[in-house]
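Chemist: Coordinates only, no sequence provided:
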Ligand code: B1M
């Protein structure tokens, strides 16, 4: 579909206004929000990652692509959320220490918020003590995101710190992000792993019911 191709190109070229306009155009044409997200925005960003790996683009281009994706996500947000799913529970979410990637984390937060959870967004580069504070403030779930192989290990350190603070049995801890796997979640003692934002919503429901 031409519009999805144009949306991917707008993200790859870092054209924020155009990306947002293409999402609006897609919605007006009744293209599903999930399709615009997966086949437009996420596919465009995957291509950005590939171009970076191949040395065709550099960090500044990745950054403008991220801005374009964020702008387009802002338009998409009200259409992504599930309507009227009554659910309770406070979820503290953050990107792990040393890691500045926040698009995936924001997407997960957005979908959880739309499913009725109260979100405490701790932002990026979140040290263990911030997660601990959030648990003390009543977060029932801690969701950690990592995009770098060098920062995913900080998830384990955060879980250790939460355990040492005597809070491990008060909270469910779930993790996600491109380098994360279920076996890594098991290895570091997390309660679950979600591959994408919609599975994160299902996972939160599951861990809170367990
Ligand atoms: Co960075 N970067 N980056 N980057 N960047 C990657 C991750 C990389 C794979 C690119 C590459 O080499 N192909 C690579 C990591 C390599 C590795 O560790 N193996 C990389 C690198 C190397 C770096 C720097 C080190 C580059 C440098 O400076 N030399 C640097 C590190 C900075 C730091 O964090 N300390 C860096 C910087 C940046 C930017 C700032 C320029 C920018 C981020 C801007 C921002 O986020 N605001 C950026 C970007 C944009 C990327 C890529 C291109 C795109 C990431 C993204 O937003 N994807 C990325 C390549 C790629 O992923 N293909 C790359 C879209 C997003 C929707 O997907 O985040 O995977 P994702 O989230 C998904 C799932 O993973 C899951 O759900 C989301 C929705 O489906 N999920 C969760 C995520 N978090 C979850 C939490 C959960 C559950 C599910 O909780 C339970």
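Modeler: Yep, that arrived. Because the structure is predicted, anything quoted here is derived from the model rather than measured.

Chemist: Next, the contact list for residue 91, please.
Modeler: Residues counted as contacts of residue 91 (CB atoms under 8 Å, 6 or more residues apart in numbering) are 109, 112, 117, 118, 119, 120, 139, 140, 141, 142, 143, 204. Placement of C-beta: from N, CA and C, glycine included.

Chemist: Leaving out chain neighbours, which residue sits closest to it?
Modeler: Once flanking residues are discounted, residue 91 sits nearest to residue 141: 4.5 Å by CB to CB, 6 or more residues apart in numbering.

Chemist: show me what contacts residue 52?
Modeler: Contacts for residue 52 were tallied using CB under 8 Å, 6+ apart; they are 58, 59, 61, 62.

Chemist: sorry, back to before: and the two most separated of the contacts of residue 91?
Modeler: Distances among these were taken as CB to CB; the most separated pair is 109 and 140, at 15.2 Å.

Chemist: Could you pull out the buried residues of the helix ranked longest in the chain?
Modeler: When the chain is parsed with DSSP state H, its longest helix is helix 59-80. Residues of helix 59-80 classed as buried: 61-62, 64-73, 75-77, 80 (neighbour count, 16 or more other CB atoms under 10 Å).

Chemist: any idea which of these is least confident?
Modeler: Lowest pLDDT of the buried residues of helix 59-80: residue 80, 82.

Chemist: got the contact list for the lowest-mean-pLDDT helix or strand in the chain?
Modeler: Taking mean pLDDT, DSSP states H and E as the measure, the chain has helix 103-114 as its least confident helix or strand, at a mean of 89. Residues outside helix 103-114 that contact it (CB under 8 Å, 6+ apart): 37, 45, 66, 69-70, 73, 77, 80-83, 85, 91, 93-95, 119, 121, 124, 143, 145, 147, 176-178, 194, 197-198, 200-201, 204.
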